[in-house]
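**Student:** sequence unavailable; structure follows:
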């Protein structure tokens, strides 16, 4: 089979991750790298191949592009998706679709009726551990799913400039957990959230939270508890527990080593976990690309779609409103925002 | 030192646990066993010693009783505490103080100004694992405490008749977790809760919940997440995670055995946990009695007091209200209910 | 049933453990405490009851003694056992029977044909974890047993004076592991051993070893690997692995706490293990006494007998010879030494 | 830097592993694939590139080959190494060098004085877990190394035809553990071994063992205990424990998943381990190739050399002799065999 020729828009940190995946996956090749900052684009191109441009239109109009990956800054996502749909080019777009749900809704009709697949980059769905957890649940290992607990803590807060444009903890950090929750319990009907600033003055100054707890209720009454923090002394903390009528399944943190240490002060000690999402979720980016390639080829796939991106944003908005009002917020993920 | 002579009121399941503790602890002896059902009282007396009566007044008026343990049915607690205070006899009373906060408040002034110590039976405070967790936090091992996660699931629901008079899941099951939470973060200012009936029709018929999730907010913004269920296929599930600025401390479930099994279908498998609170918390009842003995002798001790019992009930009430209204409920544990 | 009246001979460290067990077990009571050092005997008597004497004959001739426990120094064991047999008093004797196999063999005929039960104090047989391991093997969980691995390390060497009379590492430390091995694979036919002094000059001066490895071969070809050391920085190290045709069962170390710690330097860290045999094996002494009480009452029991004590000593002798010659030593545990 | 052009001799199971590594590693490219069975060679070439030949001389004489990998059958190894040395081509040769130590010694002088590097394929040295264990020991985490325990069990025996030419369990399976032992304690002075056939009649018919235990003694008295079996119901079992004066470090088995299961029959259960050496040690083959590339470029590297291959074979021979005589066998790994 011919390799899928990918055009990458955005050559920043996440763009580089995608470029590496495209170069690694046997069935894909990097054809174009586009970034306003052509130096970044050139660096990526040198490492992983592809022609360089500063103008996204070059990519959409190129005859040798089978699909694009949108990894540019969030405010550009919807415009680029629109160009993709108009050009008839399948697109994998980084999350979030946009920080403004109105903008997301505006484009919704066009996105969901487009002839070409649009996938939203919730890569953690493809994490082998979480995916295997879903398999085990699906195979009945814990009976019927009743409670889901997600612990998700960053190693430390990003730079203040980054946080200032991130849309706040619910749209930036928790949004992954909203999608993870929905990958187990798609239909969420209520959100309650609480945020606090317990350790970061600069986050407090942004009127944002460094610590958050969220409770989601599923359509069948299932309860999802999400625990977030912007820091964790012991490394990137990513755990899920799924409790059902017949048992419990857990996904623990992932360690680079199986070496444990016994000494006079402690025993069974392991090195801190994989420290950053690029390490912890490296495989999931690759698997996501592989699923997106299936989507491009019209094959069944597990990609998150436009409405999954919209749902996560609606949940983030609801969480933010709940945190600021102290009231549970009802949501209708299928209806209008 | 002379042995503390204990009068036990109530010879049911919990009464028997207390009787055994009194007989086991070197510094205490069982002097009286009182139960309307004199057959039960006699059985306890035969096993652990003590004179038998059906009338609590016999115990209060006896010249050979240094302290009493109240393990009778909940509606009798306040009356018996009142008798104890009037008789000048120290009392350890099983939780909850009462299901009705008005009744608890009515007696509050008298209880908290009594010359004799009144302790409320939140035995889990004395569990060696939880107690050690508090020590480690106090010694600074995780810096400042930011988030607490309590998972607390029963093996299976009690009999319907029991549940019908239990006051509901928040006053019967979660009440332990409220006290556990307060043993780490005494000052709770807000409660949000959600309940559901996901598996038990008989619990649904009682207009009670079989599944609950609660979020507590501490005065300094700390977040406490409590996850409850009335069943757990794999045994009594009792875990706590304390997350702080410098790390994480966890208490896992307790197993009777360290034997693990590797086979063609799974590896590192352990037998299900200690199945019931009488096994899991057997030591904590003993340690609680030992602390109560200190209280009786006027020594410093870690017993939960009357206001701790009241606080747990206020939190249960707030949780119930929150669950039924969908709104966070503010609480002032020091003020009037 | 009337309580079994126990006469204790020897009020040193192990004697005190036995005294406490006798006082704790509901079916036994301490009737006599005998030690040449009457101060020690008096201390034990004050704590756990019993009349004091310096003369063992007082105990054997007393009309109110149902059984004796011999916890005096090793060289006195056989003489006291002989007195017990002649007096018709059941005896539980601490290991080793004697350091000299000739002495053990001399008394063998009388011991094994005695009308009263003689039990040898290999308490680890009764450890609940090891006992449960045997149950699981017996129930077929790992098919047929092929390899057994025993890791057994002390926290640190005893005092030099103690070590000087201990008979050497094989008769003092490994002897427990020989009995543990035989509790899984009774018939051992060959011993290979190696000893080294890797860290203790005072042990080297005694011409003893501080480190040892032993390989036992069972009659059916099973292999038992024993790894010993006189020190372990992380606490008393007591583990067993049983490998069979269908799987593996392991017994890990036992911890007082289930609290684990996550920090910037390590994760999942537990406190060092229970540090000393009196803590790790406290339950096993109690369970051993309970089994001995069954023996006294003529009921089926799991006590180690005289020939088990002899077998362990034969294996220790064989290990010592092997370590000193570099040759595997064949043993016939049923035959003459 | 130009890519290292590799000629592969042997396109069987291990040859394919090497071919894949060459294709994956950025700095290497597969130039030639040689196998008497040209169909196998062609399959490898199609997947990973390279020209095909049935004659090894084509590879040695080719002007476009920078190094060769020898993955053909064991009896051809020394001849091919000789060709490599004569042609001045660096070679990475699969273990064992030969089954006959005389043949190995014959070529020793030429091999160790060759102008080009010769590496022997003890890939497990490069396993990240074992390598990290060595780092931790080197950094003093357990003080001075006293005892090493290696558990190494295959999933199940290979085909009888394979076993018949494998040279027996010590040269085929344990040989890896001998090299692992030497990567921690290079200087071994004594070997004791015992073998048994506990489950496989076909292995018994080959006069080989399906089960083995080996004890190695290091020059400083260190003890190494190796436990082997040709089967393990629960998956490929590969563990190491390093015990030192200050603590213990362990490497456990590696699992594909961090998902654990709690049910009514067991808790904390994990799926069986990575089942086969190709999965468990996939990374180590890649890292070995990367080290070999360093060797070819004349850079410092951690490759096992010819004398490491010889030492492992000497230990295997000694183990076999010990198992058959019941005597410990002294070895001088630096001296003549």
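**Tutor:** Great, that's in hand. Just so we're clear, the structure is a prediction, and the values are computed from it rather than from any experiment.

**Student:** going forward, measure contacts between C-alpha atoms and count neighbours the same way
**Tutor:** Noted.

**Student:** quick one, whichever helix or strand residue A:189 is part of and strand B:188-196 angle?
**Tutor:** Secondary structure here is read from DSSP states H and E; on that basis residue A:189 sits in strand A:188-196. Going by axes from the mean of the first three to the mean of the last three CA atoms, to 10 degrees, strand A:188-196 is angled at 170 degrees with respect to strand B:188-196.

**Student:** tell me which other helices or strands strand A:188-196 touches.
**Tutor:** Using 3 or more CA pairs under 8 Å, 6 or more residues apart in numbering or on different chains; DSSP states H and E as the contact test, the elements touching strand A:188-196 are strand A:211-218, helix A:306-325, strand A:329-330.

**Student:** in TSV: the ones you listed, plus mean neighbour count.
**Tutor:** Supplementary listing: the helices and strands packed on strand A:188-196 in TSV, determined by neighbours: other CA atoms under 10 Å in any protein chain shown:
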stretch	mean neighbour count
strand A:211-218	25
helix A:306-325	23
strand A:329-330	20
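
**Student:** which one of the ones you listed lies closest to chain D?
**Tutor:** The closest approach between chain D and any of those, judged by CA to the nearest CA, belongs to strand A:211-218 at 23.0 Å.

**Student:** partners of that closest one in the sheet?
**Tutor:** On the basis of DSSP bridges, the sheet neighbours of strand A:211-218 come out as strand A:188-196 (antiparallel), strand A:223-229 (antiparallel).

**Student:** for these, which one sits closest to residue B:327?
**Tutor:** strand A:188-196 (8.9 Å; CA to CA).

**Student:** for the closest one, what is the average pLDDT?
**Tutor:** Mean pLDDT, taken over the full extent of strand A:188-196, equals 98.

**Student:** what do you get for stretch A:251-260?
**Tutor:** 92.

**Student:** quick one: end-to-end distance for it.
**Tutor:** Using CA to CA, to the nearest Å, the end-to-end distance of stretch A:251-260 comes out at 19 Å.

**Student:** residue contacts, residue A:89?
**Tutor:** Shown in contact with residue A:89 (CA atoms under 8 Å, 6 or more residues apart in numbering or on different chains): A:60, A:65-68, A:116.

**Student:** same check, this time on residue A:43
**Tutor:** Residues in contact with residue A:43, defined by CA under 8 Å, 6+ apart, are absent; none qualify.

**Student:** per-residue confidence at it?
**Tutor:** In the prediction, the pLDDT value recorded for residue A:43 is 97.

**Student:** can you tell me how far it sits from chain D?
**Tutor:** Plainly put, residue A:43 is 17 Å away from chain D if you go by CA to the nearest CA, to the nearest Å.

**Student:** got the phi/psi numbers for that residue?
**Tutor:** Backbone torsions for residue A:43, taken as degrees, to the nearest 10, come to phi -60, psi -50.

**Student:** and the gap between it and chain B?
**Tutor:** According to CA to the nearest CA, residue A:43 stands 38 Å off from chain B.

**Student:** likewise residue A:4?
**Tutor:** According to CA to the nearest CA, residue A:4 stands 40 Å off from chain B.

**Student:** who does that residue form a beta bridge with?
**Tutor:** On DSSP bridges, the residues paired with residue A:4 through beta bridges are residue A:28.

**Student:** look up how far chain D lies from it.
**Tutor:** 19 Å.

**Student:** taking the centroid of chain A, which residue is nearest it?
**Tutor:** When chain A is reduced to its mean C-alpha position, the nearest residue by CA atoms, centre = their mean turns out to be residue A:122, at 3.1 Å.

**Student:** on that earlier part again, need the helices and strands packed on strand A:188-196 in CSV with mean pLDDT, can you?
**Tutor:** Formatted as CSV, the helices and strands packed on strand A:188-196 follow (pLDDT from 0 to 100):
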stretch, mean pLDDT
strand A:211-218, 98
helix A:306-325, 97
strand A:329-330, 97
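
**Student:** give the helix, strand or coil label for the residue of the stretch 51-200 of chain A found nearest chain D.
**Tutor:** Ranked by CA to the nearest CA, the top residue of the stretch 51-200 of chain A for proximity to chain D is residue A:129, at 5.7 Å. Reducing the assignment at residue A:129 to three states with DSSP: H, G, I helix; E, B strand; the rest coil gives helix.

**Student:** surely it meets residue D:255?
**Tutor:** No: counting by CA atoms under 8 Å, residue D:255 is not a contact partner of residue A:129; they are 11.0 Å apart.

**Student:** more crowded one of those two?
**Tutor:** residue A:129 (23 against 16; other CA atoms under 10 Å in any protein chain shown).

**Student:** rewinding a little: restricted to strands, list the contacts of residue A:89.
**Tutor:** For those, the ones inside strands are A:67-68, with DSSP state E as the criterion.

**Student:** list the contacts of residue A:48.
**Tutor:** Residues touching residue A:48, when contacts are defined by CA under 8 Å, 6+ apart, comprise A:19-20, A:23, A:30.

**Student:** doesn't residue A:179 make contact with the residue nearest to the centre of chain A?
**Tutor:** Yes: with contacts counted by CA under 8 Å, residue A:122 reaches residue A:179, the gap being 7.1 Å.

**Student:** tell me if stretch A:245-261 is near chain D.
**Tutor:** Yes: using CA under 8 Å from any CA of the partner chain as the criterion, contacts between stretch A:245-261 and chain D involve A:246-254, A:257-261.

**Student:** which bits of the stretch 151-300 of chain A sit near chain C?
**Tutor:** Residues of the stretch 151-300 of chain A lying near chain C by CA under 8 Å from any CA: A:233-235, A:262-273.
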